[in-house]
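Participant: Next one to model:
(one chain, ligands or ions: 1)
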Amino acid sequence: ASLELGPYSHFMQKEIHEQPKALADTIEQVLEQGFSPALFGAEAASLLGKVEGVQILACGTSYYAASVARYWIEQIARLPCQVEIASEYRYRDAVALPNQLVVTISQSGETLDTMEALKHAQQLGHDLTLSICNVRESAIPRASRLVFYTRAGAEIGVASTKAFTTQLAALFTLAATLAKLRGHLSAEVEANYLDDLRKLPGSVQHALNLEPQVKAWAELFSTRQHALFLGRGVHYPIALEGALKLKEITYIHAEAYPAGELKHGPLALVDEQMPVVVIAPNDSLLEKVHSNMQEVRARGGELFVFADLDSHFGESDGLHVIRTPRHVGVLSPVVHTIPVQLLAYHTALARGTDVDKPRNLAKAVTVE
Ligand code: G6P
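Facilitator: A predicted model of the protein is given here:
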């Protein structure tokens, strides 16, 4: 294993740092072809053209990728989109809407609940199926009519990192491709989106360079029993992913909330012992997030904010800020994933837990 690890101490660390390359490999064909249905398979031009809605099914980290995608599919492709945990969907008598695209997302392609959810969808009458997967010829893409393979390379660490960010790149490509087929993507916007994708590996590298600052925060997190993650809009699923990473590898109890929901319950948990992580890039919801942050400060909660260049607030007592060095627009959730991965990783190191093989968890869950 030490040979494969190269300069890294853990596979998770290696995989976090492989993300610029994993993303560049995954989007290579998109940059060559533009947002073309051919990226999703031979049948895609005819099948994707009739889509009137999208249902995404997945588990774990892949489910959070789905949750980000919902914002993009609605905003960019103007299609209604539902997202559901595969283990719930498979036992629900959902009503199959005509021309609904069923998307399954799975790093391994072997997760039993996701496979069974796909079969359940097919039994309900869905025949437009697409899988986003990292492992070629695995069970889920084989059972799907269309497929997009992420090119993250083998992911060994149980906690998913590079698979997640490459899934996001694939899902953004799906949203833009559906938009284009539906006549909702002007040539100018397509060129801008392709440019955003082209810059993405570099923006992710800039975020990776924040590692020393994130590591300094991890020292404090490693001494706490609980943590709260807040985000809004498309960054709420990144807060969820940050809380999941922390739970998985540090065993610290972490929860994520959409920041506007704070006042409806979790604010009661906030005191001096509760570190609160906020994903706060400069988007249309920043002002709202800012007032949510003040609610936390007023109760003594210590704030750890991941912001970007354009989010205007400085450090003050109990308010720590790490700024991602670029404003990356629509792909901002991908870039803001990096610091929450690094925070979990370094907190785990400080606590001495088994980063690559957390207790009770498996890389691919092929049982119910
Ligand atoms: C397991 C892994 C997670 C992963 C989930 C879904 O729980 O520990 O990291 O997100 O399965 O896996 P999949 O291969 O379907 O994406």
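
Participant: Could I get the full set of strands for the stretch 51-200 of the chain?
Facilitator: Under the criterion DSSP state E, counting those that start in this stretch, the stretch 51-200 of the chain contains strands at 53-58, 81-85, 100-106, 129-133, 146-149.

Participant: now what about the shortest one, what contacts it?
Facilitator: It refers to strand 146-149. Here strand 146-149 makes contact (CB atoms under 8 Å, 6 or more residues apart in numbering) with 39-41, 43-44, 47-48, 129-134, 136, 141, 170, 173-174. (Each C-beta comes from the backbone N, C-alpha and C, glycine too.)

Participant: Report the distance from it to the chain centre.
Facilitator: 18 Å (CA atoms, centre = their mean, to the nearest Å).

Participant: what are the pairing partners of that strand, and which direction each?
Facilitator: strand 129-133 (parallel) (DSSP bridges).

Participant: Show me what the mean pLDDT comes to for the strand it pairs with.
Facilitator: Strand 129-133 comes out with an average pLDDT of 98.

Participant: contacts for it?
Facilitator: So strand 129-133 is contacted by 40, 65, 101-109, 118, 121-122, 140-141, 143-150, 167, 170-171, 174 (CB under 8 Å, 6+ apart).

Participant: closest point of this structure to the ligand, which residue?
Facilitator: Using CB to the nearest ligand atom, residue 60 is the residue of the chain that sits closest to the ligand, at 2.8 Å.

Participant: Excluding chain neighbours, what is closest to that residue?
Facilitator: Nearest residue to residue 60, sequence neighbours excluded (CB to CB, 6 or more residues apart in numbering): residue 160, at 7.0 Å.

Participant: Ok, residue 226 next?
Facilitator: Nearest one to residue 226, counting by CB to CB, 6+ apart, is residue 253 at 4.8 Å.

Participant: thinking again about what came up before, okay if I get the strands of the stretch 51-200 of the chain as JSON lines plus distance to residue 14 and mean neighbour count?
Facilitator: JSON lines is the format used below for the strands of the stretch 51-200 of the chain (distance: least, CB to CB, whole Å; neighbours: other CB atoms under 10 Å):
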{"stretch": "strand 53-58", "distance to residue 14": "24", "mean neighbour count": "25"}
{"stretch": "strand 81-85", "distance to residue 14": "29", "mean neighbour count": "19"}
{"stretch": "strand 100-106", "distance to residue 14": "22", "mean neighbour count": "28"}
{"stretch": "strand 129-133", "distance to residue 14": "21", "mean neighbour count": "27"}
{"stretch": "strand 146-149", "distance to residue 14": "21", "mean neighbour count": "23"}
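
Participant: Next, format those strands as CSV and append distance to the ligand.
Facilitator: Formatted as CSV, the strands of the stretch 51-200 of the chain follow (distance: least, CB to the nearest ligand atom, whole Å):
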stretch, distance to the ligand
strand 53-58, 6
strand 81-85, 11
strand 100-106, 3
strand 129-133, 8
strand 146-149, 13
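
Participant: Nearest the geometric middle of the protein, what residue?
Facilitator: Closest residue to the average C-alpha location of the chain: residue 65 at 3.9 Å, with CA atoms, centre = their mean.

Participant: so what's that one scoring on pLDDT?
Facilitator: pLDDT recorded at residue 65 is 98.

Participant: can you tell me which residues contact it?
Facilitator: Taking CB under 8 Å, 6+ apart as the test, what residue 65 contacts is 58, 105, 132, 164, 167, 168, 171, 237.
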